[in-house]
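**Q** From the sequence below, what's the structure:
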Amino acid sequence: MTSKPDRVVLIGVAGDSGCGKSTFLRRISDLFGEELVTVICLDDYHSLDRKQRKEHGVTALNPKANNFDLMYEQIKALKNGETINKPIYNHETGMIDPPEQIEPNHIVVIEGLHPPYDERVRGLLDFSVYLDISDEVKIAWKIQRDMAERGHTYEDVLAAINSRRPDFQAYIDPQKEFADVVLQVLPTQLIKDDKERKVLRVQMIQRDEVEGFEPAYLFDEGSTIDWIPCGRKLTCSYPGIKMHYGPDAYYGHSVSVLEVDGQFDRLEEVIYIEQHLSKTSARYSGELTELLLQHREYPGSTNGTRLVPGANRSKDAGNL
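**A** Residues are numbered from 1 along each chain as shown. Prediction:
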């Protein structure tokens, strides 16, 4: 544990189960340094264990299955520099285990289904991100994981997704309205009628006029840019790469959108793109490309799901 922080920066990372939060959190740790970051999974604040949820006929997405009062009290205490005894939800047994002691750190990330759901907890956040995976991509990812790794049938996978859909739409999806950044993962527009979902289109929707946060931009701030970087300085195989940047509106808020469609062949060449990005909070030229090269094994390292989040971070956290 590092020295006790003078200030705790609280970041919320929200999204559905299986949407890539764990991979995203590894990138946050890479950006700021593992020793400065403590991650808390909000599943630990389930008030009903797996058996009880089944008895009550609710999913973990339903607020009735979660203790928001305890969540608020403990997250507030951490932000105030106090040590907490946090419960543990055991994903293997589905039971709630004895608590563990958590000390405050320079950056505390709360991740899970409900970071900005409760207004009190939302008010504590210094910065928030929502991972918004389109249904087409989410189904492809889940099919790939559950059929290949867990032996589930196609029908089983679709049934599981459909059973969660009402609660997801009611309680999880609306939270993106409150996020400072929404990271959307969409089907590519470079391949007509693509079914494999191996090539992705990634949008970073950045809310303007957020304190301590300056949206990243491509070439010229406030302009609308469509750019195909493939050529002499960036190797692109089929179907190529297309980037977009421009102003837009999202849930009534002014936003700046940065988009990458396609995937990179040679990560060391990504520095060519990085040189045309501004307000990335990178500590030195080439840092984003260097992080890509350090962790080639991370899922999404060859597409925008790795580059786009790295192109932006909270100024408050970035200055630590």
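**Q** how much space is there between the closest residue to residue 261 other than its chain neighbours and residue 244?
**A** What sits nearest to residue 261 in space, not counting adjacent residues and going by Cβ to Cβ, 6 or more residues apart in numbering, is residue 201, at 4.0 Å. In this view, the C-beta of every residue, glycine as well, is placed from N, C-alpha and C. Residue 201 sits 9 Å away from residue 244 when distances are taken as Cβ to Cβ, to the nearest Å.
**Q** Overlap of the contact sets of those two?
**A** Listed as contacting both residue 201 and residue 244 by Cβ atoms under 8 Å, 6 or more residues apart in numbering are 259, 261.
**Q** Which one's more surrounded, those two?
**A** Using other Cβ atoms under 10 Å as the criterion, residue 201 and residue 244 rank with residue 201 on top: 21 against 16.
**Q** Relative to residue 272, how far out is the most far-flung residue of the chain relative to its centre?
**A** Residue farthest from the centre of the chain, counting by Cα atoms, centre = their mean, is residue 232 at 32.5 Å. Here residue 232 is placed at a distance of 10 Å from residue 272 (Cβ to Cβ).
**Q** three-state assignment of the most centrally placed residue in the chain?
**A** Centroid-nearest residue in the chain, with Cα atoms, centre = their mean: residue 131, separated by 4.4 Å. Following DSSP: H, G, I helix; E, B strand; the rest coil, the label given to residue 131 is strand.
**Q** what's across from it in the sheet?
**A** Beta bridges link residue 131 to residue 183 when assigned by DSSP bridges.
**Q** and it, how far is that from residue 73?
**A** Between residue 131 and residue 73 the computed distance is 26 Å (Cβ to Cβ).
**Q** Equivalent analysis for residue 260, please.
**A** 40 Å.
**Q** higher neighbour count, the two?
**A** In this view residue 260 and residue 73 are compared by other Cβ under 10 Å, and residue 260 has more residues nearby, 25 against 13.
**Q** after the helix or strand containing that one, next one along is what?
**A** Secondary structure assignment for residue 260, by DSSP states H and E: strand 253-262. Where DSSP H and E defines the elements, the next helix or strand beyond strand 253-262 is helix 271-274.
**Q** can you list contacts of that next one?
**A** Applying Cβ under 8 Å, 6+ apart, the contact partners of helix 271-274 are 229, 233, 234, 243, 280, 282, 285, 286, 288, 289, 307.
**Q** Over to stretch 77-87?
**A** For stretch 77-87, the surrounding residues in contact (Cβ under 8 Å, 6+ apart) are 4-5, 8, 10, 40, 44-45, 70, 74, 96-104, 108, 124.
**Q** what stretches of the stretch 101-250 of the chain score poorly on pLDDT?
**A** Residue ranges of the stretch 101-250 of the chain with pLDDT under 70: 145-151.
**Q** can you rerun that using 50?
**A** Along the stretch 101-250 of the chain, no part satisfies pLDDT under 50.
**Q** Break down it into its strands, ranges please.
**A** 107-112, 127-133, 181-187, 200-207, 217-218, 225-227, 241-250 (DSSP state E, counting those that start in this stretch).
**Q** show me where the stretch 1-150 of the chain has helices.
**A** Counting by DSSP state H, counting those that start in this stretch, the stretch 1-150 of the chain has helices at residues 21-32, 50-56, 68-79, 119-122, 135-150.
**Q** Using TSV, lay out the ones you listed together with distance to residue 195.
**A** Output for those, formatted as TSV (distance: least, Cβ to Cβ, whole Å):
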stretch	distance to residue 195
helix 21-32	23
helix 50-56	34
helix 68-79	40
helix 119-122	38
helix 135-150	8
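**Q** This completes my enquiry, with thanks.
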